[in-house]
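[1] Provided below for reference: sequence and predicted model.
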Amino acid sequence: MRFSVKQILKAAIGLAAVTGFALSPANAAEKKDFKVAWSIYVGWMPWGYAADSGIVKKWADKYGINIEVKQFNDYVESINQYTAGSFDAVTVTNMDALSIPAAGGVDTTAVIVGDFSNGNDAVILKNKDKLADIKGQNVNLVEFSVSHYLLARGLESVGLAEKDLKVVNTSDADMAAAYKTPDVTSVVTWKPIVSTILESPDAKKVFDSSQIPGEIIDLMVVNTAVLKDNPKFAKALAGIWYETLATLKDGTASKEAMAKASGTDVKGFDEQLATTKLFSDPKDAVAFATGKDLKTTTERVSKFLFEKSLLGKDAKSDGAIGVEFPDKTVFGDKANVKFRYDATFMKEAEDGKL
């Protein structure tokens, strides 16, 4: 779910090469075959299980279509492939959907709000137990990732800003080892790395994503042109999602399979689920997608991305990219709406109309 500066640069290069293709009308037509990209993260594991267990085929057959679900080991590559038009849908965070496909000109619609991080992401200090103690420190994190956003929100809460410290870009693969070195005194990262670091007696969690609930969101998004001409595809996706989540209970084969596929055991998977607000009930997902807090979050995320020059080279403000909500109100440029939240299909799942 997360990415590095190198990957962001790769994404930017990829966008420059593919945007012209992605914006072509080739996607905008009724069709039968669809491709979905997903990557390993606790909130997205249901997609792999759904494909392996036959749930994907069941719902695709119901609507007379074919759906291929492909796992990517490289999260940003999955977004690049979606942006290029090679895939019709992709699992992505709200922040990344805005900064990569939408910023690249690809009109994108979130049709499923799957979950939000509710403690999976954390700020950890060495031998200090207050967030304010981070002032003046070097902070190791994956730059421009949701960790960077979490840090910014945390600093706001104690009257600090990024200028009060120094960000040190560090690969997630190196984070746990880096923490054990004497020079590293502050890190921002995500589970399961958080759990590993907190095993050290000197590690103190001073801020986490449960303190900014609903701001780091995991989505299933669809190319808007594809969605417009093929609503059956989104209906099938919603059906797949909620049927699969219904299997995710203690002692079930699905949970064991998802845990194994994500490289952990059921205990480790449960630990990640405990700090993930998973919207198993479509009613809760609809309420979240139509609530006013999502609009506030979108403004905050857009501001962060603009400050980091991640809304596109021509962006003149944090509202450069218009974001449309289920009630059809828009944050930002109404003439440049490239990201949308649509509760239609979650609502149909809630009402039993899929």
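    Done, it's in.
[2] Stretch 119-133: how far from the chain's middle?
    The chain centroid and the centroid of stretch 119-133 are separated by 23 Å under CA atoms, centre = their mean, to the nearest Å.
[3] nope, stretch 171-186 is what I was after
    Stretch 171-186 sits 24 Å away from the centroid of its parent chain (CA atoms, centre = their mean).
[4] neighbouring contacts of it?
    Applying CB atoms under 8 Å, 6 or more residues apart in numbering, the contact partners of stretch 171-186 are 2, 4, 123-128, 134, 137-140, 142, 165, 170, 187, 189-190, 193, 196-197, 200, 203. In this view, the C-beta of every residue, glycine as well, is placed from N, C-alpha and C.
[5] same deal with stretch 323-340?
    97-98, 101-103, 105-110, 224, 289-290, 294-295, 298-299, 302, 318-322, 341-344.
[6] residues of it that come out buried?
    The neighbour-count check on stretch 323-340 (16 or more other CB atoms under 10 Å) flags 323-326, 330-333, 336-340 as buried.
[7] With stretch 66-73 instead?
    Buried residues in stretch 66-73 (16+ other CB under 10 Å): I67, V69, K70, Q71, F72.
[8] do the same with stretch 160-171
    L160, L165, V167, V168, T170.
[9] re the thing from before, keep only those of the contacts of stretch 171-186 that are in helices.
    Per DSSP state H, helices hold the following members of those: I193, T196, I197.
[10] Of these, which is the nearest to A50?
    I193 (26.7 Å; CB to CB).
[11] Identify the residues contacting the closest one.
    By CB under 8 Å, 6+ apart, the contact set of I193 is D172, M175, A176.
[12] For the second one, what are phi and psi?
    What that stands for is M175. M175 adopts backbone torsions of phi -60, psi -50, taken as degrees, to the nearest 10.
[13] pLDDT value on it, please?
    For M175, the pLDDT comes out at 96.
[14] Tell me the strands beside the longest strand anywhere in the chain, with direction?
    In the chain, assigned by DSSP state E, the strand with the most residues is strand 108-117. Note on strand 108-117: by DSSP bridges, its sheet partners are strand 217-223 (antiparallel), strand 276-278 (antiparallel), strand 337-341 (parallel).
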